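>>> show me how the following folds:
(one chain, ligands or ions: 1)
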Amino acid sequence: MSYQFPKSQALFERAQKSIAAGVNSGIRKMEQPVPLYFERGAGSRLWDVDGNEYIDFQIGQGALLYGHAPRGMADAIAAQARLGTHWAAQSELEIEVAERLQRMIPSAERVRLNNSATEVVLSALRLARGHTGRPLVLKFEGHYHGWADEGLVGFAPSPDKWGTDDAPTRLHPSQGVIPEVLEKFVVVRWNDPEHLRRRVAEFKGQIAAIIFEPVLCNTGCMEPVPGMAETIRELCDREGMLMIADETITGFRFGAGGAQKFFGFTPDLTVLGKAVGGGLPFAALAGKESAMSKIIKGEVVHAGTLNGNPLCLAASKWCLDQVLSLGERHPREIIALGHELMTGLRALADRHGVPLRPQGPGLVFHTAMLKPGAAEGPVRDYRDYVRRHDAPRWAHLRRCLLEEGVRAIERGLWFISLAHTPADVREALQRAERAFGRHAAEFVGADVRRL
Ligand SMILES: Cc1ncc(COP(=O)(O)O)c(C=O)c1O
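This next block holds a predicted model:
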């Protein structure tokens, strides 16, 4: 008998009478058959209000690199809570966290703290414009940099509006955006270094920064093609632009040095979120001293009542110490575990005749579902993803997986945490076997009647 969700259903109905649309982040409404309500988490496991137990690969949208409710982190937060929850002032703890970031990330010569990566992106873009005196920012189609006006330009344009391959349009998925913000962006397709060169030449002397997800994790899961990061660095050096690596997802997941160490590039500024706070509202802007100089001199404003909050700092210090203590084992072990899961899912898909194609570096991956007749091979950029990924079919399989106790992200992303074990992967695959069987038997094409 697969999972039922009567208590979550009832709570969601109640929530809609007090919380706008019943959820506190729009994307959470996507969960089928109902946005779930959780009671408790431990390690790789999560329990909802109906008593259903999940092996969790959503893992706090990737923030819980250390798993749910790790004991050491809970103790660190509790100890700090007894001393004070908020000072809006300095503490030695913030220096300890900043010094760890310096040690771990070579380009982190100076840091500033915030409460969300959305805020850090806004700080980084303001700083880049202040630093260069230029108005424009170059970003890649399908890359997500938070929910603010500036973070979502070119995130998910529909094919009828996305413009030509040479000149992607600057679309925003939200109403209410300041129209002039759109004009301050140059949108470029991911993983095409020559196209990037042409776009930079087209706006020569006007671009302050190039911002990018080192591995595109918010649309599919696409590693940079060889030469991609190198081209960004080369163009930034040659044209006097700042290179901003948005490591909100990749930071610490790819090891102590983040994706920049893993792939071997050095950005001017880095956005850190998610794993830096292990699930607490904590994020950091890190960068070369020269790139941070306008903040150092007070010429670019950076502020926030809750910045450097001691509860978040206590959690962050514990998280960073975990990563440091693992040394070379991280990310090697979660890469291997992720590959085991990807291979197992692909084998199940083949056995059940499901066109599922796991793609990614293991520690995070995406399960693309090929549309009927779509070509094989890795998905390369946002347009390729839209053309080949069968989202309704994936949504159906995702629901079947959820009802068997395997929780992946609604858009098809899976995260491995340090709390996942080989036994978790084996059990997840056993549960997934039933889910694939049901999916293969019940899916009826684009008209997904069960949803
Ligand atoms: C790459 C990237 N940048 C920025 C953000 C925004 O982070 P937050 O939701 O903490 O503001 C996210 C969130 O998922 C992200 O994935």
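
>>> need the residue closest to the centroid of the chain.
Geometric centre of the chain, nearest residue: residue 249, 4.0 Å, by CA atoms, centre = their mean.

>>> name the nearest residue to it, sequence neighbours excluded.
Nearest non-adjacent residue to residue 249, counting by CB to CB, 6 or more residues apart in numbering: residue 217, 4.6 Å away. All C-beta spots, glycine's among them, are computed from the backbone N, C-alpha and C.

>>> could you verify my assumption that the one you found touches residue 247?
No. Counting by CB atoms under 8 Å, residue 217 does not reach residue 247; the two are 10.5 Å apart.

>>> around the ligand, pick out the residues from the chain.
Counting by CB under 6 Å from any ligand atom, the residues of the chain close to the ligand are 61, 116-118, 121, 144-146, 213, 218, 246, 248-249, 273, 283.

>>> residue 82: which of the residues you listed is nearest?
Distance to residue 82 across the residues of the chain next to the ligand (CB to CB) is lowest for residue 283, with 25.0 Å.

>>> over to that closest one: give its phi and psi.
The phi and psi torsions at residue 283 (degrees, to the nearest 10) take the values phi -150, psi 160.

>>> looking at it, it is touching residue 275, isn't it?
No. The criterion here is CB under 8 Å, and residue 283 misses it with residue 275 at 10.5 Å.

>>> more neighbours: which of those two?
Counting neighbours by other CB atoms under 10 Å for residue 283 and for residue 275 shows that residue 275 has the greater number, 31 against 28.

>>> correct me, but the more buried one touches residue 63?
Yes. Using CB under 8 Å, residue 275 is in contact with residue 63, at 6.2 Å.

>>> next, the contact list for the residue of the stretch 201-350 of the chain found nearest the ligand, please.
In the stretch 201-350 of the chain, the residue that lies nearest the ligand is residue 248 (3.5 Å; CB to the nearest ligand atom). Residue 248 makes contact with 117, 120, 213, 271-274, 283, according to CB atoms under 8 Å, 6 or more residues apart in numbering.

>>> for those, name the two members farthest from one another.
In terms of CB to CB, the contacts of residue 248 reach their longest pairwise distance at 213 and 283, which sit 14.9 Å apart.

>>> count the neighbours of residue 129 for me.
Counted with other CB under 10 Å, residues neighbouring residue 129 total 19.

>>> contacting residues around it?
Here residue 129 is in contact with 135, 137, 208-209 (CB under 8 Å, 6+ apart).

>>> those residues into a markdown table, with extra columns for neighbour count and secondary structure?
Listed next are those as a markdown table, based on neighbours: other CB atoms under 10 Å; DSSP: H, G, I helix; E, B strand; the rest coil:
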| residue | neighbour count | secondary structure |
| --- | --- | --- |
| 135 | 12 | coil |
| 137 | 25 | strand |
| 208 | 24 | strand |
| 209 | 26 | strand |
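
>>> so which of those residues comes closest to residue 357?
residue 137 (32.6 Å).

>>> the closest one against residue 188, yeah?
No. Using CB under 8 Å as the test, residue 137 is too far from residue 188 to be in contact (11.0 Å).

>>> what helix or strand does residue 440 sit in?
helix 422-442 (DSSP states H and E).

>>> other SSEs contacting that helix?
Using 3 or more CB pairs under 8 Å, 6 or more residues apart in numbering; DSSP states H and E, the elements in contact with helix 422-442 are strand 53-56, helix 329-352, helix 391-403, strand 406-407.
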